[in-house]
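J.: No letters, just coordinates:
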Ligand SMILES: C[S@@+](CC[C@H](N)C(=O)[O-])C[C@H]1O[C@@H](n2cnc3c(N)ncnc32)[C@H](O)[C@@H]1O
């Protein structure tokens with residue numbers, strides 16, 4: 001798992017860093033081209049076709065049902081930024097970065113590449129100016145519904161997003177388990193837990209713990225396979241519903257990973273109060289979130305914050321902002337434990 005600093009360096013790594021500020025800025029301006037190029041390679045599953053070794057572009061074009069010369073132009077551009085390696089005779093091989101686009105890799109982030117270049121997602125970013133000028137969520141103002149309703153109505157996009165979240169969780173679950181001791185709990189409820197990858201990892205690490213996975217009904221229908229693969233499905237209830245109405249009771253720990261950041265304060269408070277109502281006095285709340293850093297540091301978190309502004313309609317927060325939100329919803333922040341890119345923010349009911 002890279003450290004935060006490594007991650008932030010690698011966030012910038014693909015941009016040209018020269019002694020010429022104008023050229024450096026040009027690299028940043030044109031960053032969108034790389035995003036869309038990786039998106040297309042990911043949708044076409046190019047990395048999967050290269051897992052057994054290099055292939056010529058003609059062969060890849062047949063396998064991906066693509067136009068050979070245009071595919072060549074795509075792959076040579078991506079080879080120039082280190083995603084693939086171009087060999088003699090228009091052949092391409094995987095690099096360590098390209099390996100992370102393989103759908104069968106434990107380090108895969110290919111589903112995320114698929115999500116971010118998809119028109120519905122891309123268009124919301126295209127309305128960043130609207131959000132900055134009005135404070136409104138770009139996705140909602142463009143589509144007349146929030147991104148969760150959109151995904152519920154377009155299951156193909158919902159499934160890709162859930163896969164992307166599972167990939168994210170897979171990469172960080174070990175860090176969360178190392179950072180926080182779940183062994184004192186008997187029942188862990190994962191609220192907004194997606195397909196249950198994190199809950200599965202917690203249950204695997206602690207065979208005496210049982211779990212409840214809670215998320216929207218259309219999302220939890222895709223969770224059973226992940227929990228079965230983790231060997232924990234017998235110890236886990238799967239419950240569909242909305243965290244604006246009620247969440248399952250009887251938990252000793254309520255985990256929410258990358259949930260609160262999806263919402264502005266009013267909605268975040270509403271979700272936290274629903275959790276508080278379900279929790280006994282000795283239960284713990286565990287938010288797994290990024291923390292906004294001091295000025296001029298950590299672009300990944302600050303761009304994630306912009307992503308929250310345009311897409312789900314939320315925000316990344318500082319430690320103080322979390323502490324305030326928790327106090328206003330009936331909790332006291334008790335600890336913040338760094339866990340890879342995220343932090344485990346522990347709170348207890350007041
Ligand atoms: C950013 S994802 C995080 C998923 C998972 N916790 C993870 O870290 O991989 C936010 C989750 O909140 C869920 N969600 C959104 N609105 C919800 C609602 N009203 N009730 C329950 N879950 C909801 C989404 O379905 C999604 O799985």
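T.: Noted; the coordinates are in hand. A quick note: this is a predicted structure, and the numbers were derived from the prediction, not measured.
J.: Helices of the stretch 201-350 of the chain, residue ranges please.
T.: Using DSSP state H, counting those that start in this stretch, the helices of the stretch 201-350 of the chain run over residues 217-220, 224-229, 265-278, 299-310, 319-328.
J.: Export these as TSV, with columns for mean neighbour count, distance to residue 138 and mean pLDDT.
T.: Placement of C-beta: from N, CA and C, glycine included. Output for the helices of the stretch 201-350 of the chain, formatted as TSV (neighbours: other C-beta atoms under 10 Å; distance: least, C-beta to C-beta, whole Å; pLDDT from 0 to 100):
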stretch	mean neighbour count	distance to residue 138	mean pLDDT
helix 217-220	18	23	96
helix 224-229	16	31	96
helix 265-278	18	17	98
helix 299-310	18	4	97
helix 319-328	16	22	98
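J.: closest to residue 78 out of those helices?
T.: helix 299-310 (21.0 Å; C-beta to C-beta).
J.: May I see the domains of the protein written out as residue ranges?
T.: Under the assignment automatic domain parsing, the domains of the chain span 4-104, 170-349.
J.: Tabulate the helices of the stretch 201-350 of the chain (JSON lines), appending distance to the ligand.
T.: Listed next are these as JSON lines, based on distance: least, C-beta to the nearest ligand atom, whole Å:
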{"stretch": "helix 217-220", "distance to the ligand": "4"}
{"stretch": "helix 224-229", "distance to the ligand": "10"}
{"stretch": "helix 265-278", "distance to the ligand": "8"}
{"stretch": "helix 299-310", "distance to the ligand": "10"}
{"stretch": "helix 319-328", "distance to the ligand": "16"}
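J.: of these, which approaches residue 77 most closely?
T.: Among these, helix 299-310 sits nearest to residue 77 (C-beta to C-beta), with 22.3 Å.
J.: just the domains of the chain: most buried one?
T.: Among these, domain 170-349 has the highest mean neighbour count (mean count of other C-beta atoms under 10 Å), at a mean of 19.
J.: End to end on it, go ahead and measure it.
T.: 29 Å (C-alpha to C-alpha, to the nearest Å).
J.: picking that back up, next, format the helices of the stretch 201-350 of the chain as a markdown table and append distance to residue 249.
T.: Below are these laid out as a markdown table (distance: least, C-beta to C-beta, whole Å):
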| stretch | distance to residue 249 |
| --- | --- |
| helix 217-220 | 17 |
| helix 224-229 | 21 |
| helix 265-278 | 5 |
| helix 299-310 | 29 |
| helix 319-328 | 20 |
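J.: and the domains of the chain, which one is worst for confidence?
T.: Note on the domains of the chain: domain 4-104 shows the lowest mean pLDDT, a mean of 90.
J.: Just the strands from the stretch 51-200 of the chain, written as ranges.
T.: 55-56, 84-87, 91-94, 187-191 (DSSP state E, counting those that start in this stretch).
J.: just how off-centre is the helix or strand residue 37 falls within within its chain?
T.: According to DSSP states H and E, residue 37 maps onto helix 31-43. Mean-position distance between helix 31-43 and its chain equals 17 Å (C-alpha atoms, centre = their mean, to the nearest Å).
J.: other SSEs contacting the next helix or strand after that helix?
T.: Moving toward the C-terminus from helix 31-43, the next helix or strand (DSSP H and E) is helix 46-49. Contacts defined by 3 or more C-beta pairs under 8 Å, 6 or more residues apart in numbering; DSSP states H and E place helix 46-49 against helix 57-64.
J.: helices or strands next to the helix it packs on in the packing?
T.: helix 46-49, helix 68-80, strand 91-94.
J.: partners of the closest residue to residue 287 other than its chain neighbours in the sheet?
T.: Using C-beta to C-beta, 6 or more residues apart in numbering and skipping the chain neighbours, the partner closest in space to residue 287 is residue 345 (4.2 Å). With DSSP bridges as the criterion, residue 345 is bridged to residue 287, residue 336.
J.: Understood, closing this out.
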